[in-house]
Each structure stands twice: as C-alpha cells, then as structure tokens.
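Colleague: sharing a model prediction with you, sequence too.
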Amino acid sequence: MNLLIRPFENGDAEAVAEVLYASFKTYLGELLDKKDDADDLRKELASHDGDVMRQSFVAVADKCGIVGCIECTMLPRYRLGILERIGVSPEISGAGIGRKLFEEGMRFWRKHDARKIYTDVSSINPGAKRFYEKMGFSVEGMLKNHFFDGVDEYQMSLFLKPERKTAEKPASPVDRQNVEKIDQEKTL
C-alpha cells in the first residue's frame, strides 16, 4: 500500500470525520453517540489562534483515500506540544499508519522547538496506551470520569531532548585540531 502523509485541507473534513468516528467507536462503543460535525471539525483542524498553533495531517492510501489523521497543537510560549487526537481506520489499524502520522507530528513539534508533548488517553483503550508508550510517552497522571462517567483518562507526556546541532568541521588541519581540542575540553 502506498501511503502519503500530507497537511489537512478543508476538503478532507468529511473523510476525516468518518475515520475518527470509526476509530473512536472501536473502544467507546455506545458512549460515542454521534459523528463530529464536518464543519466544526474543518474549523478546528485548520485553526491558528494567536499563541496557539494547530496543524493537522492526514494519511492517504492509494485506492482507499484518507485512512488516518493526527491533530497537533503547539503552545510556543511554553514550548508545549499537544497531541489532540490521532485516529486510523479500524480496517487497517496495526499497519504502521499511526506511527507515520505521529512522526509527522513530531516534525511539526520539533520545528516549533517543543520541549514536551502531552496527550490524554482513554483508560478503556489499552491499545492506544501501548502505542504511546512505544513512542516514548509515560503516564503523568489520571483524570477521573473526565469525558464520560466511568471512563478515566491517562495524562501522558513525552519530554523531548534538544536536537544536537553538529557544526561542520573546518577544512584546515590546524582549525580541525582546534575544534577537536575544544570538543575534548567540553567533555571534561
């Protein structure tokens, strides 16, 4: 299957609403009583609100159309990234699409210098919790009866290490020795 990850476009709202509904329905069952309204979803996924930046990405599979979505928020003032939601069509769940969407989200957050990524995960969705743990998240807390009575939410976070920027080594042997000497002094 060929897969393309690209930014969300307004015309994607209907398909994304269907994917998210199907994905969330797999663990929420009857608690999820209606589909997201495509107009509201379109506005939410494409918004930029002052100090809050949002970027959403979709996964498009050949012959299948949109099969997944991730919604990323960034609070630059706090260097905090928020994974608002991620969903993959249940028919192809487990094929690595969630990981690819998450990697695209990571590029977005790193581009905006996030120090931490935060998300909530339903206690009745152990598969999602395992996914986030594989991505490096750990549980920081629990919200009791958060969205629904009887359904708790794990608060999970991933702290990012700053990307190490490597300077180009100078061409001259004398300059190279000076840089290596400085590098050695930094490690002492």
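Modeller: Okay, I see it.

Colleague: distance check, residue 72 against residue 153.
Modeller: Residue 72 sits 19 Å away from residue 153, going by C-beta to C-beta, to the nearest Å. Backbone N, C-alpha and C define where each C-beta goes, glycine included.

Colleague: out of those two, which sits in the busier spot?
Modeller: Comparing residue 72 with residue 153 by neighbour count (other C-beta atoms under 10 Å), the higher total belongs to residue 72, at 27 against 20.

Colleague: low pLDDT regions in this protein?
Modeller: Counting by pLDDT under 70, the ranges of the chain that qualify are 33-50, 163-188.

Colleague: show me where it has its strands.
Modeller: Taking DSSP state E, the strands of the chain run over residues 3-7, 48-49, 52-61, 65-75, 80-88, 116-122, 138-148, 151-159.

Colleague: packing partners of the third one?
Modeller: When you say that, I think you mean strand 52-61. strand 3-7, helix 13-28, helix 38-45, strand 65-75, helix 97-111 (3 or more C-beta pairs under 8 Å, 6 or more residues apart in numbering; DSSP states H and E).

Colleague: just the ones you listed: most buried one?
Modeller: A comparison of the helices and strands packed on strand 52-61 by mean neighbour count, using mean count of other C-beta atoms under 10 Å, puts strand 65-75 on top with a mean of 22.

Colleague: gap between the closest residue in space to residue 162 that isn't next to it in sequence and residue 108?
Modeller: Taking C-beta to C-beta, 6 or more residues apart in numbering as the measure, residue 162 lies nearest to residue 115, with 8.0 Å between them; neighbours along the chain are not counted. Here residue 115 is placed at a distance of 14 Å from residue 108 (C-beta to C-beta).

Colleague: likewise for residue 75?
Modeller: Taken as C-beta to C-beta, the spacing of residue 75 relative to residue 108 amounts to 13 Å.
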